[in-house]
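*Asks:* Return a 3D structure for these sequence lines:
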Amino acid sequence: MASKYDHPEYREAVFHLICELDIPDRVFMPIRKLVGCSLGRIFWNDWRKQDAKDAEWMPTPGDHEDPEWHRIDGWPERGDGHVSRKWSRRADLWMQWHSVDAWHVCDWIITAVSDEHPWLANVGPDGYPKKLMKCGTLERLVHEATKGLRQRDIRDIVLGPEAESFILDLGAGHILVQLLSRAALRKEGLRMRHCIGQGGYDELLVDPDAGFFSVRDENGKPRATLDIRDGYIRQLRGPANAEPLDAVKDLVAAAIDTFGWQDWRDRPRSTRDDEDYGEEALAVLRDLPPARRRPG
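*Replies:* Model prediction:
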C-alpha cells in the first residue's frame, strides 16, 4: 500500500536535483540516502511552498526592485514530458540560487561518511539520521555542516616538490597555485575547513579537463579554493565554504581573464533530460525518504 506521504512527482524532483549536484557516482553512491533525506527533502518542500503561491511563475529570490521572472511549470502545452521538464528547470534554478550551500552540505555528508561520524547511527523510526531530519531549512543544514567540518582534526601534511605548482601572480602579494596531488588536496581541505581533501575529488586529479587551484596570500595562507571543470568555474570557496572576500574575488578575476574561465551556469546544457546521465544515475531513486503531501 502506498504511503499517504508519497507523491507521484517526488522522486522525479529529487532525481533532477541530484543530477544538478554533479557529484561523481563513486562519491555519490555511499551518500545518496543521506542527500535524499536532507537536501532532497528541503528542495521538495521549498517548491511545494512556491506552488502554493504560484505554480507557473516565480521571481528570482532576494530583495530586487525589478526581479527576473522564471517559468516553472514545465511548459505543459508542449505535451508529454512536462513533469520532467518542470523538475529539470526547477533543479537548475534552485542550484543557481543555492549551489554553494548545497555543495557545502554535500561536503559535510561526504566527510561524515568517510570519517564514520557517530551521528550517522542515531536514526529515527524511519531509518534516517535525526541530525538531518531535524533540519527544516537549507540554512539549518548549512549551520550543521559548518559545525561538522570545523570539528575535524588539523594535521600538518608535508608536501613533495610536485604536489603543487605555481600558476599565476595575482598581484597584491597573492599567487595562484594548482593542487596536483592527493596530499595537496588533503592539506588544502584541512587548512580551509572544507571537503576537497576527503577523497571525493581524488579521481579528478588525472582528468585533463578538471583542475583545482588555491589562492595564497603573501604568507602562503590559502584564501580561496577553485574547482574548474572543462573551463568553467564550478566552485569558488573561501574558508569553511564561505563566500570569498570581494578583494580575493577581484584578484581571481585576473586568472579568469588569463585562462578564459567561465561561470558554471553558462555551460552548454543538453536538450534531452537523460542525455548526460548513465544507468548508474538511476540508483539515486532508491532509498529516498517519503515527502509530506501539502495539505489540500
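
*Asks:* What's the first helix or strand after the longest helix seen in the chain?
*Replies:* In the chain, taking DSSP state H as the definition, the longest helix is helix 82-115. As assigned by DSSP states H and E, the chain's next helix or strand after helix 82-115 is helix 130-133.

*Asks:* quick one, the helix or strand just after that next one and helix 82-115 angle?
*Replies:* Going down the chain from helix 130-133, the next helix or strand is helix 138-150, by DSSP H and E. Here the directions of helix 138-150 and helix 82-115 differ by 20 degrees (axes from the mean of the first three to the mean of the last three CA atoms, to 10 degrees).

*Asks:* low-scoring pLDDT stretches of this protein, where are they?
*Replies:* Along the chain, the model assigns pLDDT under 70 to residues 1-5, 63, 150-158, 197-200, 269-296.

*Asks:* Show me the residue at the heart of it, geometrically.
*Replies:* Residue closest to the average C-alpha location in the chain (CA atoms, centre = their mean): W103, at 2.3 Å.

*Asks:* and the closest residue in space to it that isn't next to it in sequence, what are its bridge partners?
*Replies:* Excluding its sequence neighbours, the residue lying closest to W103 (CB to CB, 6 or more residues apart in numbering) is Q235, at 6.2 Å. Glycine gets a C-beta too; all of them are placed from N, C-alpha and C. Under DSSP bridges, the beta-bridge partners of Q235 are D227.

*Asks:* Any idea how many residues pack against Q235?
*Replies:* Number of residues near Q235 (other CB atoms under 10 Å) recorded here: 20.

*Asks:* for it, what are its contacts?
*Replies:* Shown in contact with Q235 (CB atoms under 8 Å, 6 or more residues apart in numbering): S99, V100, W103, T225, L226, D227, W264.

*Asks:* Compile the residues you listed into JSON lines and extend it with columns for distance to D80.
*Replies:* Listed next are these as JSON lines, based on distance: CB to CB, whole Å:
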{"residue": "S99", "distance to D80": "30"}
{"residue": "V100", "distance to D80": "35"}
{"residue": "W103", "distance to D80": "33"}
{"residue": "T225", "distance to D80": "43"}
{"residue": "L226", "distance to D80": "41"}
{"residue": "D227", "distance to D80": "37"}
{"residue": "W264", "distance to D80": "30"}
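
*Asks:* for the residues you listed, which one is nearest A242?
*Replies:* Closest approach to A242 among these (CB to CB): V100, at 8.6 Å.

*Asks:* List the residues that contact that closest one.
*Replies:* For V100, the contact set (CB under 8 Å, 6+ apart) comprises Q235, R237, N241, E243.

*Asks:* Could you list which of the residues you listed belong to strands?
*Replies:* Counting by DSSP state E, the contacts of V100 place Q235, R237 in strands.

*Asks:* Distance to S88 for the contacts of V100 - can I get that in CSV?
*Replies:* Listed next are the contacts of V100 as CSV, based on distance: CB to CB, whole Å:
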residue, distance to S88
Q235, 22
R237, 26
N241, 26
E243, 27
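
*Asks:* Buried subset of the contacts of V100, written for PyMOL?
*Replies:* In PyMOL, a selection of the buried entries from these looks like this (16 or more other CB atoms under 10 Å):
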select buried, resi 235+237+241
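
*Asks:* CA atoms only for stretch 169-179, dumped as CSV, please.
*Replies:* Presented in CSV, the C-alpha positions along stretch 169-179 are these (Å, rounded to 0.1, in the frame of the first residue of the first chain):
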residue,chain,number,x,y,z
ASP,A,169,50.9,36.1,-9.9
LEU,A,170,47.6,37.7,-9.0
GLY,A,171,49.0,40.9,-7.6
ALA,A,172,49.0,42.4,-4.1
GLY,A,173,51.3,39.6,-2.9
HIS,A,174,48.8,36.9,-3.8
ILE,A,175,49.5,33.9,-6.2
LEU,A,176,47.5,31.1,-7.7
VAL,A,177,48.7,27.6,-7.1
GLN,A,178,47.5,24.4,-8.7
LEU,A,179,46.9,21.4,-6.4
